[in-house]
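In: Structure of the sequence below:
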Amino acid sequence: MIKVLWFLKRAEGLSLAEFSAWWEEHLHMIADRQQPQLVRYTVNIRATDDDTWAGKPADDCEWDGVAEQWFNSQEAFEEVYGRPTAAETREDTLAHVSRFERIIVREITVLP
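Out: Numbers count the residues shown, from 1 in each chain. Model (predicted):
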């Protein structure tokens with residue numbers, strides 16, 4: 001099993017509410033187009049621009065959300081991102097973000 005994390009920063013001029021609304025629609029397109037290779041998909045969107053909670057770092061976080069995707073293998077991942085529809089979803093993403101990055105991680109579960 002492999003896990004991929006996608007970090008997204010909303011496009012200039014998009015409010016957090018607009019970005020959140022777009023992503024909540026976009027995530028269904030991703031889920032529909034990437035099955036059956038995509039076995040789990042979770043999206044985490046920044047809850048507020050006004051973080052006053054305890055423990056906040058001195059600098060603001062540069063990301064507005066993180067998507068987590070699980071695939072059974074590298075081949076499954078590459079099959080999904082090699083499809084012609086991958087260009088369409090990428091185009092939609094680029095229209096709504098100023099930047100994005102991804103990392104492939106090894107997940108370590110501490111508490112179930």
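In: Dump the C-alpha coordinates for the strand or helix carrying Glu91 into PDB.
Out: Following DSSP states H and E, one finds Glu91 within helix 84-94. The C-alpha trace of helix 84-94 is given here as PDB (Å, rounded to 0.1, in the frame of the first residue of the first chain):
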ATOM      1  CA  PRO A  84      -6.100  11.200 -20.300                       C
ATOM      2  CA  THR A  85      -8.600  12.400 -17.700                       C
ATOM      3  CA  ALA A  86      -5.700  13.200 -15.300                       C
ATOM      4  CA  ALA A  87      -4.900  16.200 -17.500                       C
ATOM      5  CA  GLU A  88      -8.500  17.500 -17.000                       C
ATOM      6  CA  THR A  89      -8.400  17.200 -13.300                       C
ATOM      7  CA  ARG A  90      -5.000  18.800 -13.200                       C
ATOM      8  CA  GLU A  91      -6.300  21.700 -15.300                       C
ATOM      9  CA  ASP A  92      -9.200  22.100 -12.900                       C
ATOM     10  CA  THR A  93      -6.800  22.100  -9.900                       C
ATOM     11  CA  LEU A  94      -4.400  24.600 -11.500                       C
END
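In: In the chain, spot the helix with the most residues.
Out: Longest helix in the chain by number of residues (criterion: DSSP state H): helix 16-34.
In: tilt between the helix or strand following that one and helix 16-34?
Out: Using DSSP H and E, the helix or strand that follows helix 16-34 in sequence is strand 38-45. Using axes from the mean of the first three to the mean of the last three CA atoms, to 10 degrees, the inter-axis angle of strand 38-45 relative to helix 16-34 is 180 degrees.
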